[in-house]
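> Make a model of this:
(2 chains)
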There are 2 protein chains.
Amino acid sequence: MKIIRTIQDMKQSIEHYRDLKKQIGFVPTMGFLHEGHLNLMREATKENDVVVASIFINPLQFGPNEDFERYPKDEQADTLHAEKAGVDVLFMPTVTEMYPKPMLMQMRIKGRTDVLCGRSRPGHFDGVLTVLTKLFHIISPDKVYFGLKDAQQTAVVDALIDDFNFPIELVGLPTVREANGLAKSSRNVHLTKQERNEAAWLYKGLQQGQQLIRNGEHYPDNIIHLVTKTIEQHISGKIDYVELLSYPSLEFVSSIDQQVILATAVHFDKARLIDNLILDNYGEIITRYN
Amino acid sequence: MKIIRTIQDMKQSIEHYRDLKKQIGFVPTMGFLHEGHLNLMREATKENDVVVASIFINPLQFGPNEDFERYPKDEQADTLHAEKAGVDVLFMPTVTEMYPKPMLMQMRIKGRTDVLCGRSRPGHFDGVLTVLTKLFHIISPDKVYFGLKDAQQTAVVDALIDDFNFPIELVGLPTVREANGLAKSSRNVHLTKQERNEAAWLYKGLQQGQQLIRNGEHYPDNIIHLVTKTIEQHISGKIDYVELLSYPSLEFVSSIDQQVILATAVHFDKARLIDNLILDNYGEIITRYN
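Numbers count the residues shown, from 1 in each chain, chains lettered A, B, ... in the order given. Here you go, the predicted model:
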């Protein structure tokens, strides 16, 4: 596995692969890789000739009171994991390499962000879109892979690619979970043992909502109510939201008659966790989005 | 010359050229082609294997009271001119093809636009940047060509490419002029014969400013004053601005000690014309920007 730290070297490497007519898959991450990331990487190796992964903790997508400074890092472990997952090139630029001077350009999204995490993290997705636009131009991938745990991010990137005609195919893959159902997340390291057990109830709560839909419940309010009650009863943390929206357009629905997302976010003492299910109108889970 | 009207066909055509490892030059225009455009196209044929030109009157870059509806068109003449200039592919999408639904994404630029035309055309450059981002992704050019008559546009595209790491080289080429010095522009058709004669004084006024710099004048105010007075004395139209700024950063300067732009815009009865000179600190004209 090649490790590249500068944009110039990365572009040169891509040019080389382009000359050889290699199809390039790209997995952007913020590092501290877990099974969720590695699953994306392994899947990318199956569908592409070359897999590029990036590790970049993007300051632009963190709010002033968020966890940029203490976002977990482990370059050595990440390198080993990525190599084992079949990554060909690991791109790890510094902040100065990516943002050598203040940006004049601003990328914004008008929809899909006044709900879910977008509401509690103003500017977050603009930062995500900005760094992805840069990475897409540096790496020119044919396909890009995201975990559906970050479902709102996937919906937002879908709009980016579609509106701006990026010649890139978006692939969203299902959330990878611990044995108890807890969604894998780099932020899970900040949980106490007690919280880690409780956090499994995010998934269990969502599953109870899913079961309601399977049983024919059509009214979002009833589903949201049940999920909220279930999670509340089992965790010491504080619920940020439980929402049910159309997916990927992320609009409020009055009835379950299309693909939807049932999502939640919970604040624990040192970590804010998210989880979701993307469901068709019969309540069955969507396992690949593109 | 191939004429292409859909994004899908255009992408397919580009893929074909990419497979053949052709270098692609791109000349984006709004049509009603004149010598200025054709000069860009001819130059592009010299430096690339394949030249793609686009004709698209982009509604997003026109303000509500601007001339979108009556922007001049002549598809037949344009086709002949482009072919003669050596264009290989002419891309002429409809508005619905480029904007099939309202955009969720917004592209903005924070600097370089509160001066010159940006001040009197709020949102104009955001519209330019949006359509260019789309066109750059559809056409994936190696080089893109702009006329330095639209110097502010070139400066803004320079920021777009730089901030977002587009793998594209920007080339700015000098303004092409009528025998009397009037800068070629599609909007010149809206001038009366009298106005067309008067309009030559935009250039003559700027040249007088240039001469002052050559003679050692360092103070922008003195230069701006002379240019304003000269133009005012010879035209029936109304001056929108005469400005002298650093180039391409477009910031006010207190002394001529770097590359600058001396620029003007004038409202005539049915057309607003612009002209400029880009000068080094000795007052000599910059003939190629990249």
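> tell me what the worst-scoring helix or strand of chain A on mean pLDDT is packed against?
When the helices and strands of chain A are compared on mean pLDDT, DSSP states H and E, helix A:116-120 comes out lowest with a mean of 89. Applying 3 or more CB pairs under 8 Å, 6 or more residues apart in numbering or on different chains; DSSP states H and E, one finds that helix A:116-120 makes contact with helix A:124-139, helix A:151-163, strand A:238-246, strand A:260-267. The way it works is simple: take the backbone N, C-alpha and C, and place the C-beta from them, glycine included.
> for the stretch 51-200 of chain A, what spans make up the strands?
A:89-91, A:105-109, A:143-147, A:169-173 (DSSP state E, counting those that start in this stretch).
> Out of those, which gets nearest to chain B?
With CB to the nearest CB as the criterion, chain B lies closest to strand A:105-109 of the strands of the stretch 51-200 of chain A, at 4.1 Å.
> Kindly report the residues of chain A close to chain B.
A:7, A:11, A:18-19, A:21, A:103-112, A:129, A:133-134, A:137-138, A:140, A:159-160, A:163-167 (CB under 8 Å from any CB of the partner chain).
> mind listing what A:E169 touches?
When contacts are counted by CB atoms under 8 Å, 6 or more residues apart in numbering or on different chains, A:E169 touches A:D142, A:K143, A:V144, A:N290.
> after the helix or strand harbouring A:G209 comes which helix or strand?
Using DSSP states H and E, A:G209 sits within helix A:193-214. Per DSSP H and E, the first helix or strand lying C-terminal to helix A:193-214 is helix A:220-234.
> And the average pLDDT for that next one is what?
For helix A:220-234, mean pLDDT is 98.
> And for the nearest residue to A:E66 once chain neighbours are set aside, the neighbour number?
Nearest non-adjacent residue to A:E66, counting by CB to CB, 6 or more residues apart in numbering or on different chains: A:R121, 7.3 Å away. By the measure other CB atoms under 10 Å in any protein chain shown, the count of residues near A:R121 is 20.
> Hmm, A:R121 is touching A:N65, no?
No: using CB atoms under 8 Å, A:R121 is not in contact with A:N65; the gap is 10.2 Å.
> Now list whatever residues contact both of the two.
With CB under 8 Å, 6+ apart applied, the contact sets of A:R121 and A:N65 do not overlap.
> Show me chain A divided up by domain.
As assigned by automatic domain parsing, chain A contains the domains A:2-173, A:186-279.
> Quick one: the ones you listed as TSV, columns for distance to B:A183 too.
Formatted as TSV, these follow (distance: least, CB to CB, whole Å):
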stretch	distance to B:A183
domain A:2-173	27
domain A:186-279	46
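> Show me the one of the ones you listed that comes nearest B:G283.
Smallest distance to B:G283 across the domains of chain A (CB to CB): 27.7 Å, for domain A:2-173.
> gap between the two ends of that closest one?
For domain A:2-173, the first-to-last residue distance is 25 Å (CA to CA, to the nearest Å).
> chain center to it: distance?
Centroid separation between domain A:2-173 and its chain, computed with CA atoms, centre = their mean, to the nearest Å, is 10 Å.
> likewise stretch A:220-237?
23 Å.
> residues of that stretch that come out buried?
Buried positions in stretch A:220-237, judged by neighbour count with 16 or more other CB atoms under 10 Å in any protein chain shown: A:P220, A:I223, A:I224, A:L226, A:V227, A:T228, A:T230, A:I231, A:H234, A:I235, A:G237.
> ok, the first one touching A:E251?
No: with contact defined as CB under 8 Å, A:P220 and A:E251 do not form a contacting pair (11.5 Å).
> if we can go back for a sec, dump the helices and strands packed on helix A:116-120 to JSON lines, plus distance to B:R196.
Below are the helices and strands packed on helix A:116-120 laid out as JSON lines (distance: least, CB to CB, whole Å):
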{"stretch": "helix A:124-139", "distance to B:R196": "43"}
{"stretch": "helix A:151-163", "distance to B:R196": "41"}
{"stretch": "strand A:238-246", "distance to B:R196": "56"}
{"stretch": "strand A:260-267", "distance to B:R196": "60"}
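> export the ones you listed to JSON lines and tack on distance to A:L33, mean pLDDT and mean neighbour count?
As requested, those are exported to JSON lines (distance: least, CB to CB, whole Å; pLDDT from 0 to 100; neighbours: other CB atoms under 10 Å in any protein chain shown):
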{"stretch": "helix A:124-139", "distance to A:L33": "17", "mean pLDDT": "97", "mean neighbour count": "23"}
{"stretch": "helix A:151-163", "distance to A:L33": "17", "mean pLDDT": "97", "mean neighbour count": "23"}
{"stretch": "strand A:238-246", "distance to A:L33": "25", "mean pLDDT": "97", "mean neighbour count": "19"}
{"stretch": "strand A:260-267", "distance to A:L33": "22", "mean pLDDT": "97", "mean neighbour count": "24"}
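> where does chain A have low pLDDT?
Along chain A, no part satisfies pLDDT under 70.
> quick one: A:D221 and A:V253, what's the gap?
11 Å (CB to CB, to the nearest Å).
> correction: A:L262
Separation of A:L262 from A:V253 (CB to CB): 11 Å.
> again, but for A:L170
Relative to A:V253, and taking CB to CB, A:L170 is found at 23 Å.
> Does A:N276 touch A:K149 like I think?
Yes: counting by CB under 8 Å, A:N276 does reach A:K149; the two are 7.1 Å apart.
> and for those two, which residues touch both?
Common neighbours of A:N276 and A:K149 (CB under 8 Å, 6+ apart) are A:T175.
> And those two? Which one has more around it.
For A:N276 and A:K149, the more surrounded residue by other CB under 10 Å is A:N276, and the numbers stand at 25 against 22.
> For the more buried one, give me its contacts.
So A:N276 contacts A:L148, A:K149, A:A151, A:T175, A:L206, A:I261, A:L262, A:A263, A:T264 (CB under 8 Å, 6+ apart).
> Is it in a helix, a strand, or coil?
Here A:N276 is recorded as strand under DSSP: H, G, I helix; E, B strand; the rest coil.
> Not counting sequence-adjacent ones, nearest residue to it?
Nearest one to A:N276, counting by CB to CB, 6+ apart, is A:A263 at 3.6 Å.
> Which strand residues bridge that neighbour?
For A:A263, the beta-bridge assignment (DSSP bridges) gives partners A:E243, A:N276.
> Contacts only, for it.
Contacts of A:A263 (CB under 8 Å, 6+ apart): A:116, A:151-152, A:206, A:241-245, A:274-277.
> Against chain B, how distant is A:K270?
In this view, A:K270 and chain B are 34 Å apart by CB to the nearest CB, to the nearest Å.
> With chain B as the reference, measure out to the nearest residue to that residue once chain neighbours are set aside.
With sequence-adjacent residues excluded and distances taken as CB to CB, 6+ apart, A:K270 is closest to A:H190, at 4.1 Å. Computed as CB to the nearest CB, the A:H190 to chain B distance reads 33 Å.
> Now for A:H190, how many residues are close by?
Neighbourhood size, A:H190 [other CB under 10 Å]: 17.
> I figured it hits A:R272, correct?
No: contact status for A:H190 versus A:R272: not in contact, 9.3 Å apart, counting by CB under 8 Å.
> Show me the contact partners of stretch A:247-255.
The contact list for stretch A:247-255 (CB under 8 Å, 6+ apart) reads A:111-113, A:115-116, A:151-152, A:154-155, A:158-159, A:218-220, A:244-246, A:259-261, A:278, A:286, A:289.
> Counting neighbours, which bits of that stretch end up buried?
A:Y247, A:P248, A:L250, A:V253.
> Check these and tell me the two furthest apart.
Spanning the widest gap among the buried residues of stretch A:247-255 are A:P248 and A:V253, at 13.0 Å by CB to CB.
> which ones are touching the spatially most central residue of chain A?
Residue closest to the mean C-alpha point of chain A, counted by CA atoms, centre = their mean, is A:D150 at 2.9 Å. Taking CB under 8 Å, 6+ apart, we find A:D150 in contact with A:I274.
> Recalculate using a threshold of 10 Å.
Contacts for A:D150 (CB atoms under 10 Å, 6 or more residues apart in numbering or on different chains) come out as A:G36, A:C117, A:V128, A:V156, A:V157, A:G172, A:T175, A:S185, A:I274, A:N276.
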